[in-house]
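*Asks:* Build the 3D model from these lines:
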Amino acid sequence: MSEASAAAPEVRVAGAATVRVAGVATHAAVVAVPDALGASGAPARVRSLGRWRLRPWHLFPTPTGTPFTFAYAAVLAVTSLIAAYADPALVHALHQGSSTDVVHLVRAPVLVLLASALWVAGGILAPYTLCFLFVLTALERRIGGPRTAIVFLLGHVLATLATEGPVGFAVLAGHLPDSSLHRLDYGISFGVAASLGALTGLLRPWLCWPVLVLFGGMLIQDLLNLTDPLTNWGHLIALAIGLGMWPVVRRWYREQG
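*Replies:* From the prediction side, this is the model:
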């Protein structure tokens, strides 16, 4: 809405109403935003706001709105179907070939780091799959696809190296058997944990801190249960990586507009 002339009275209204500004009747949804008059008698301003609409489909990836998340989710759907319906021996061979164990990281680090992120541990209905959809969609809508991919890959790669590296050194020192060098390790959970950590830096405090407490508490509980200590530590490390990216993602968010 254009500014009223200097002769127009200050207007304080809210909701949908007919407002007369500078002699012109206008029907609009407005809220009162009183602006102080300057020394020169600057006019008061009436700011029009569009009606807020709930768009639940924004929670899910779309080809145009979140192309990176949508394409990645499609790939994960295909690999999950393969894991569910293909011959078990073939599936095991594919998982083994994509594993980021110490041997593979030494021989072909780039290949296995990428390949391991094409599989979902636990299948398409695993909790981290749903978390992937909601978290990466929300993050991509805020900072864009390429930057979301950077956050995800940083968490996936760095947390993997941080957990598998000590295994290699422990085997060299004789503290673990040689079989530990072939530990099966694949999935998207490290990247999702880092993405969630980064996303919380863009949320309002009333939502940011409950999400962090809930997710962080779940990761700590998993670690205390000792179900898979290396993976559990990897999740916490990945979350810390995402939290450490708050300044970066906030700058990206501002640049995204």
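
*Asks:* Quick check: what element follows the helix or strand of the chain with the lowest mean pLDDT along the chain?
*Replies:* The least trusted helix or strand in the chain, going by mean pLDDT, DSSP states H and E, turns out to be strand 47-48, with a mean of 36. Going down the chain from strand 47-48, the next helix or strand is helix 67-85, by DSSP states H and E.

*Asks:* in the helix or strand just after that following helix, what's buried?
*Replies:* Proceeding C-terminally, helix 67-85 gives way to helix 88-98 as the next helix or strand, assigned by DSSP H and E. The neighbour-count check on helix 88-98 (16 or more other Cβ atoms under 10 Å) flags 91, 94, 95, 98 as buried. (C-beta placed from N, C-alpha, C; glycine too.)

*Asks:* just stretch 110-127 next, same as before
*Replies:* 112, 113, 115, 116, 117, 118, 119, 120, 121, 126.

*Asks:* so the third one sits in a helix?
*Replies:* So that's residue 115. Yes. Residue 115: assigned to a helix according to DSSP: H, G, I helix; E, B strand; the rest coil.

*Asks:* Local confidence estimate at it?
*Replies:* On pLDDT, residue 115 comes in at 97.

*Asks:* swap in the last one?
*Replies:* Residue 126 is assigned a predicted lDDT (pLDDT) of 87.

*Asks:* Can you show me the strands along the stretch 151-257 of the chain?
*Replies:* Assigned by DSSP state E, counting those that start in this stretch, the strands in the stretch 151-257 of the chain number zero.

*Asks:* residue ranges with poor pLDDT in the stretch 51-200 of the chain?
*Replies:* 51-54, 57 (pLDDT under 70).

*Asks:* hmm, back to that, could you save the buried residues of helix 88-98 as TSV and add columns showing distance to residue 196?
*Replies:* Output for the buried residues of helix 88-98, formatted as TSV (distance: Cβ to Cβ, whole Å):
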residue	distance to residue 196
91	28
94	27
95	25
98	23
